[in-house]
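> please find the sequence and the predicted model below.
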Amino acid sequence: MDNEAEKRAIGSRIRAERTRCGISQRRLALMTGTSRSYLWKIETGAADVGIDVLIRIARALDVRVRDLIEF
């Protein structure tokens, strides 16, 4: 099963919300306990994102998890 398009869509939504909030990748990484490079990989669709990290990202961006994963 190919999930590449979905991973890119999730990453794009995260990046859009982060940009809307005026938060840098580095700051979001610090807020969520991840590394900036891992966050970059998530935003480009190059890395899988676990539900725990997705929840932390959603909380930091003040959005619902489902807002990040709706296709």
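Nice, thanks for sending it over.
> read off the pLDDT value for the residue at minimal distance from the centre of the chain.
By C-alpha atoms, centre = their mean, the chain has its centre lying nearest to I14, at 3.9 Å. Predicted confidence (pLDDT) at I14: the value is 98.
> could you list the alpha-carbon positions for the helix or strand where it lies in CSV?
Counting by DSSP states H and E, the element that carries I14 is helix 4-21. Listed next in CSV are the C-alpha coordinates belonging to helix 4-21 (Å, rounded to 0.1, in the frame of the first residue of the first chain):
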residue,chain,number,x,y,z
GLU,A,4,3.2,8.7,0.1
ALA,A,5,0.5,11.1,-1.0
GLU,A,6,-1.2,11.0,2.4
LYS,A,7,2.1,11.6,4.2
ARG,A,8,2.8,14.6,2.0
ALA,A,9,-0.8,15.9,2.6
ILE,A,10,-0.3,15.6,6.4
GLY,A,11,3.0,17.3,6.2
SER,A,12,1.6,20.1,4.1
ARG,A,13,-1.2,20.7,6.6
ILE,A,14,1.3,20.8,9.5
ARG,A,15,3.5,23.2,7.6
ALA,A,16,0.6,25.4,6.7
GLU,A,17,-0.7,25.6,10.3
ARG,A,18,2.8,26.2,11.6
THR,A,19,3.3,29.1,9.1
ARG,A,20,-0.2,30.4,10.0
CYS,A,21,0.8,30.5,13.6
